[in-house]
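Participant: Could you work out the structure for the sequence below:
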Amino acid sequence: MASRFVVLTLGTLLLSTLPAGAREPAARAGDSKELPAADETLTLKKGAKQVLTVQGMSRVALGDPSIADVKTTGKDGVEVSALAKGTTTLIIWGADGKRRTYRIVVDG
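Facilitator: Model (predicted):
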C-alpha cells in the first residue's frame, strides 16, 4: 500500500512539471507581464466578428482561444470572433515569412 502511494505521489509530481499547454495566457489587469508589441489593435464587442485580409497568408497563431476564435476564410482571409472579455494576441505569417501581429481587445 505504501509503495502504491509513493508511485502515485511521484507520478503527480512529474506530471505537474510538464507544461500545461503550448499557448501563452493573456495578460490580466495587474500582471507585470506585457503582451508583445502589436502592429495593429483590433477592438471588438463580445459576440462580434471581423474579417482580416492578409495577402499570401501561410500560418496563423492565437494566444488565448478563450477570448477570441479565428478561422481562415479562403487563402487570404481570417475571421476573428470575440468570445469573452479580455486581451490576446493574433499573429499571421505571410508567404514571405514576415509576420503581422494584432492585439485583440474584447469588451464585455
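Participant: shaky segments in this structure?
Facilitator: Regions of the chain meeting the criterion pLDDT under 70 cover residues 1-36.
Participant: who's Thr89 bridged to?
Facilitator: The residues listed as beta-bridge partners of Thr89 by DSSP bridges are Arg103.
Participant: residues near it, how many?
Facilitator: For Thr89, the count of nearby residues is 21 (other Cβ atoms under 10 Å). C-betas here are computed from N, CA, C, even on glycine.
Participant: from here on, count from 59
Facilitator: Sure thing, new numbering starts at 59, so read that last one as Thr147.
Participant: I'd say it and Tyr160 touch.
Facilitator: Yes - with contact defined as Cβ atoms under 8 Å, Thr147 and Tyr160 form a contacting pair (7.1 Å).
Participant: so what's in contact with those two at the same time?
Facilitator: Overlap between the contact sets of Thr147 and Tyr160, as judged by Cβ atoms under 8 Å, 6 or more residues apart in numbering, is given by Ala96.
Participant: so Val128, which of the three states?
Facilitator: The local conformation at Val128, judged by DSSP: H, G, I helix; E, B strand; the rest coil, is strand.
Participant: tell me the contacts of Val128?
Facilitator: By Cβ under 8 Å, 6+ apart, the residues touching Val128 are Val118, Leu120, Val136, Glu137, Val138, Ser139, Leu148.
Participant: Any chance of the backbone angles for the first one?
Facilitator: Translated: Val118. Note on Val118: its backbone torsions stand at phi -140, psi 140 [degrees, to the nearest 10].
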